[in-house]
Structures are given as C-alpha cells and as structure tokens.
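Asker: Predicted model and sequence below, questions to follow.
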Amino acid sequence: MNDRTIEEALQGASFCLQKAGIEQPRQEAEYLLARIMKVDRLQLFLRRDEIISPEINAVFRDAVERRCRGEPAAYIAGEKYFYGHRFIVNRDVLIPRPETELIVDRALEWSERLSAAQKRSISCVDLGTGSGALAVTLALQLPDVDIWAVDLSEAALKIAALNADEHGAKNRIRFLRGSFFNAFDRVEPKPKFNLVVSNPPYLDQQELENLPEGVKGYEPVQALDGGVDGLEGYRLILARLGEFIEIPAVLLLEVGAGQKEEVKALCKETGLFSSVNWRSDLNGWPRVIEAWVC
C-alpha cells in the first residue's frame, strides 16, 4: 500500500521494528523517516495526516527493513551527531559514541589551562581518527589548534576528510595514514605534541566474538580489535609517546570497561607521567585516562 499517511507509515514501521527486537521502535521509526524527509521529528507530528509520496514510502520501507536486519540506524541515515556536530558515517568508520565526548571536554580544559599558564597554543594528534569526530570537533572548538589526524584505514581517512570539509576545517587538519605514531616515520621534521588523544581499538578476542550483531556485522573490525587482551593499541601508543611529546603535555585515551588497572599499569611502566587521573562516563565507568607529562 503506497497511499499512506505519515502516521500510518510510522505505525507500520514501529510494529516491524518491535517484532525485530529493536528497542524504542517508535523513536527509531521517527528518526529514519525524519532523515529521509529532511525534516525534524516535530514536523512529522505536525504533518502526521499528510500522504507521503511513493518515492519516500519506498525509501522508508527499505530503511526499516535494513534496521530490522540489525544495521545501525546511523549507517542507514549516513550520519551521527557528536558534540552537537553532524558527522558523515558509513561502514568504513566506527559510529561516534557519546562517551568519547569526554575526551573533548578534557582537551578543552587542558587548552584553557595551558593558555592561562604559558600562553601557548595546542599542538594535537588524534591517533586512530576514524570518522574524524575528535579531530574535527577540536578544530571547531579550538580555532588556533594545530592538528594531525592519523588512521591506518585509507577509507576512514577519506570520511574524516569529508567531515572536515563539511565543517570548514579541512585546511586546518593534516591527515596521515599509518599505525599510530609509526605513521610519522616518513615525516620530517618529527612533530611534537602537547595534546595526544585517541579512542584506540580495545576489545579483546572474547568481547569481539560476543558483540551484538548490529556491531559485529557492520562496524569495521579493525577499529574494534585490540588484540588478544584488548590492550595492543595502548601498548603501541605508549611505546613511542616519548618521542613525540612537547612538555607539558596531556594524553587522553578512551578505555574499555574493566581496563582501568591494566592501562594504568602500562602508563606507569613508561615512566613518563607525573600523574594519572580518570574520568567516568554517565554510567560511572572509568572511561577516559588523563595522563600528565610535566
């Protein structure tokens, strides 16, 4: 049936999503239709008796079917908001999570602290940039920041560059392909950073195997796989951090649930840090490590 009102389309989609086990099916149906129609959810309500076109109806049906099969809504819509900014996403990059916004909060505080104490600008590197959510957001929040964005995936770097361009920040971010600090082996002179941020892969093998299908079947495994114990990314970053630090500096890393003590021990082994602090997410989990080099 093509002659459906917006409300009828939403009711039908909600029923299908509920049967598929999707949480908050009505909200998800509204989100998808709003993105397809390029309106906000309030407009859907105000126009609920309006007949939707056959073209919109067909696209909406396809979107609902994809969501019922487990594909994340962000990939279907092709976007995800992070720190109030819209980011293009596809299956080449992880979907930005709200927890990662903690890194931005701490980076902004560090910038204020550095500026007040020494009147110095921020030189930043985002290791494993993915969609570019961190690098682009920091470029928008810190107009004078100098940023490098590094990723092993060429496809991810293309998405990050698109996002930077969308926000008018492409000329302020240098994109580099490679594995963490190893990417700079071909760069001369070697840059120095007083802000290092990263959301590295941190799932161990068991966690990878037990991922929900909506993650395992769609998000890039390379951006999730932290090795046998989930800590390989941290080891690689910390092993070469000392070569690229401009003192004073801060390292901000997102960590997985239950990894606090292990990552803290890895930081201690470097002998680089004067202090190591933790910031918890809304669920109370230690989520971001804040390690100071003074």
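Answerer: That came in fine, so what should we check first? Numbers count the residues shown, from 1 in each chain.
Asker: so Glu246, which of the three states?
Answerer: strand (DSSP: H, G, I helix; E, B strand; the rest coil).
Asker: And for it, nearest residue in space, chain neighbours not counted?
Answerer: Lys192 (3.8 Å; CB to CB, 6 or more residues apart in numbering). Every residue, glycine included, has its C-beta placed from N, CA and C.
Asker: distance of the one you found from Ala249?
Answerer: 9 Å (CB to CB, to the nearest Å).
Asker: Please apply the same query to Asn210.
Answerer: Taking CB to CB, one finds Asn210 at 36 Å from Ala249.
Asker: For those two, indicate the residue with more neighbours.
Answerer: Using other CB atoms under 10 Å, the more surrounded residue of Asn210 and Ala249 is Ala249, with 24 against 9.
Asker: I'd assumed the more buried one was in a strand, is it?
Answerer: Yes: secondary structure of Ala249 (three-state DSSP): part of a strand.
Asker: right, and it touches Asn194 too?
Answerer: Yes: applying CB atoms under 8 Å as the test, Ala249 and Asn194 come out as touching, 4.2 Å apart.
Asker: So which residues of the stretch 101-250 of the chain form strands?
Answerer: 123-127, 146-151, 173-177, 193-198, 245-254 (DSSP state E, counting those that start in this stretch).
Asker: if you skip the residues just before and after it, what's nearest to Glu154?
Answerer: Glu154 sits nearest to Arg177 (CB to CB, 6+ apart), 5.8 Å away.
Asker: Number of residues surrounding that neighbour?
Answerer: So Arg177, with other CB under 10 Å, has 13 neighbours.
Asker: ditto for the one 4 residues further on
Answerer: Around Phe181 there are 22 other residues, counting by other CB under 10 Å.
Asker: which residues sit in contact with it?
Answerer: Shown in contact with Phe181 (CB atoms under 8 Å, 6 or more residues apart in numbering): Leu127, Leu236, Ile237, Arg240, Leu241, Glu243, Phe244.
Asker: Flag the shaky bits of this structure, pLDDT-wise.
Answerer: Residue ranges of the chain with pLDDT under 70: 1-2, 118-119.
Asker: circling back to that earlier point, filter the contacts of Phe181 to the buried ones?
Answerer: Buried members of these, counted by 16 or more other CB atoms under 10 Å: Leu127, Leu236, Ile237, Leu241, Phe244.
Asker: Next, give me the two most distant ones among the residues you listed.
Answerer: The most widely separated members of the buried ones among the contacts of Phe181, counting by CB to CB, are Leu236 and Phe244 (12.7 Å).
Asker: pretty sure Phe259 contacts Leu231?
Answerer: In this structure residue 259 is Gln, not Phe. Yes: Gln259 is within contact range of Leu231, at 7.1 Å (criterion: CB under 8 Å).
Asker: returning to what we had before: the residue nearest to Glu154 reaches Ala149, doesn't it?
Answerer: No: contact criterion CB under 8 Å: Arg177 and Ala149 do not qualify, at 10.1 Å.
Asker: Now do the shared contacts for those two.
Answerer: Contacts common to Arg177 and Ala149, judged by CB under 8 Å, 6+ apart, are Leu157.
Asker: and the residue lying closest to Val250 once chain neighbours are set aside, how many neighbours does it have?
Answerer: With sequence-adjacent residues excluded and distances taken as CB to CB, 6+ apart, Val250 is closest to Trp110, at 4.9 Å. Look at Trp110: counted by other CB under 10 Å, it has 22 neighbours.
Asker: if I look at Trp110, how far off is Tyr81?
Answerer: 24 Å.
Asker: try Arg67
Answerer: Arg67 is 18 Å from Tyr81, by CB to CB.
Asker: More neighbours: these two, which one.
Answerer: A count of neighbours by other CB under 10 Å puts Arg67 above the other of Arg67 and Tyr81, at 25 against 12.
Asker: Confirm the more buried one sits in a helix?
Answerer: Yes: counting by three-state DSSP, Arg67 is part of a helix.
Asker: quick one: contacts for the nearest residue to Lys19 once chain neighbours are set aside?
Answerer: In space, and not counting its chain neighbours, Lys19 is closest to Cys68: 7.7 Å by CB to CB, 6+ apart. Contacts of Cys68 were listed using CB under 8 Å, 6+ apart, and they are Cys16, Leu17, Lys19, Ala20, Ile22.
Asker: Report the buried members of those.
Answerer: Cys16, Leu17, Ile22.
Asker: Test my guess that the last one contacts Glu28.
Answerer: This means Ile22. Yes: taking contacts as CB under 8 Å, Ile22 lies within contact range of Glu28: 5.8 Å.
Asker: Return the distance of Gly168 relative to Ala139.
Answerer: 9 Å.
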